[in-house]
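Student: model this:
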Amino acid sequence: MIGFVSRDRIPLRRYFIAAPRSLLHLSLHGKKAPHRHGFGYLWKGMEGAIALRRYGQEDMERVPHGLPDPLTATSTLAIGHVRKASPTYRAHTGATDAHPFAEWGVFLAHNGTIHDADVLDRGPGIDSQKLTRWLAHAWWPRTPEGLAVALETLLHTVRDFTAIDLLITEGMVLYAFCCYSRNPDYYTLWVRRGEDAVIVASEPVDDEPGWVPMENRELLWITPALELHRRAIGPG
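Tutor: Numbering: from 1, shown residues only. Model (predicted):
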């Protein structure tokens, strides 16, 4: 998955398709590739509202070496995700199972599997959907401090997960959370601060200097002014 915040509107294609290790590249050649069970992305439109598109495995299979969308939009805030379904949810590969998910103004993309997600929400859907619904209620106020408290509560509540790597936005700020219990070489998040944008990605998307791996249980957030903040998160 890849997210960015930029000063000026830039094409989503820059990081989703054109970069040397773009989202498309990750779906075909990234760690434990292929990741072709779903594709989705969100972006902030010209009027400031968040737009969201999602595609399922069948859509991906129609374009086996590409993405099922021309990605013509530009934005100052975007999140993209290509999905590799875990064995637990391998039967759930429709467009409704693709990330990012949206609930009450919270938009979330997730890497990893939460095996005991029913403790968060007993409603329908995969673990990431249950997490989105839970977080939409637990994260209040919609501030970095509020999110930190919610994540601390989350780590006190769930006990059986591979990773909870997240990209989140409420429409203004981009948040990234790196949290894994196993496979640290796979469940990675990297961040690079450039002159015109800050990018967070599962793997560095290019060979530009400045890529830094996030620490385990680290939360960072990027404001529209490209201010970058970090905070360690422990279980509540």
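Student: can you tell me which residues contact the spatially most distant residue from the centre of the chain?
Tutor: Most distant residue from the mean C-alpha position of the chain: R62, 23.8 Å away (C-alpha atoms, centre = their mean). By C-beta atoms under 8 Å, 6 or more residues apart in numbering, the contact list for R62 reads P68. Placement of C-beta: from N, CA and C, glycine included.
Student: kindly list the main-chain dihedrals of it?
Tutor: phi -70, psi -20 (degrees, to the nearest 10).
Student: pLDDT weak spots in this structure?
Tutor: 235-236 (pLDDT under 70).
Student: quick one: the strands in it?
Tutor: 2-11, 38-44, 50-56, 74-83, 101-103, 106-111, 165-169, 174-178, 190-193, 197-201, 212-213, 218-222, 228-232 (DSSP state E).
Student: can you list these in CSV and add mean neighbour count?
Tutor: Shown next, in CSV, are the strands of the chain (neighbours: other C-beta atoms under 10 Å):
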stretch, mean neighbour count
strand 2-11, 20
strand 38-44, 25
strand 50-56, 18
strand 74-83, 25
strand 101-103, 19
strand 106-111, 24
strand 165-169, 25
strand 174-178, 24
strand 190-193, 18
strand 197-201, 23
strand 212-213, 12
strand 218-222, 21
strand 228-232, 13
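Student: can you redo those strands as JSON lines with distance to W139?
Tutor: Putting the strands of the chain into JSON lines (distance: least, C-beta to C-beta, whole Å) gives the following:
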{"stretch": "strand 2-11", "distance to W139": "17"}
{"stretch": "strand 38-44", "distance to W139": "17"}
{"stretch": "strand 50-56", "distance to W139": "16"}
{"stretch": "strand 74-83", "distance to W139": "16"}
{"stretch": "strand 101-103", "distance to W139": "10"}
{"stretch": "strand 106-111", "distance to W139": "6"}
{"stretch": "strand 165-169", "distance to W139": "8"}
{"stretch": "strand 174-178", "distance to W139": "10"}
{"stretch": "strand 190-193", "distance to W139": "21"}
{"stretch": "strand 197-201", "distance to W139": "18"}
{"stretch": "strand 212-213", "distance to W139": "25"}
{"stretch": "strand 218-222", "distance to W139": "12"}
{"stretch": "strand 228-232", "distance to W139": "14"}
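Student: which one of these lies closest to R122?
Tutor: Among those, strand 101-103 comes nearest to R122, with 15.2 Å by C-beta to C-beta.
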